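>>> I'd like to go over a predicted model; first the sequence, then the structure.
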Amino acid sequence: MAQSTTGVEALSYEEARDELVRVVSELEQGSTSLEDSIALWERGEALARRCEEWLIGAKARLDAARAGAVPTTTGVVDDE
């Protein structure tokens, strides 16, 4: 059975992306039960959100660097 959606927030971008690839591959095979497929889908959704959070944060840091501003740990840019 697939892992629950807990623990996703602790994954690095690479870990979340790699696990998402595995989840998609497993779903594409179609060899899991309906219940397991739903759990995999939910895990995949959580992993995709985690990847998006990382990418948004990286973009904010790049934008801040280009603008000469200092990003905060929340991803919100704090202009100095």
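Happy to help now that I have it. Residues are numbered from 1 along each chain as shown.

>>> can you give me the pLDDT of Glu42?
pLDDT, Glu42: 96.

>>> and it, helix, strand or coil?
What DSSP: H, G, I helix; E, B strand; the rest coil gives for Glu42 is helix.

>>> count of neighbours near it?
As a burial measure, Glu42 scores 15 neighbours (other C-beta atoms under 10 Å). In this view, the C-beta of every residue, glycine as well, is placed from N, C-alpha and C.

>>> strands of the chain, start to end?
70-71, 77-78 (DSSP state E).

>>> now the last one: average pLDDT?
On average, the pLDDT along strand 77-78 is 52.

>>> same question for the first one.
Per-residue pLDDT over strand 70-71 has a mean of 60.

>>> what about Leu11, neighbour count?
The local packing of Leu11 (other C-beta under 10 Å) involves 18 other residues.

>>> any idea how far stretch 22-37 is from the chain center?
How far stretch 22-37 lies from its chain's middle: 19 Å, per C-alpha atoms, centre = their mean, to the nearest Å.

>>> and that stretch, what's buried?
For stretch 22-37, the neighbour count (16 or more other C-beta atoms under 10 Å) marks Val23, Glu26, Leu27 as buried.

>>> alright, I will stop here.
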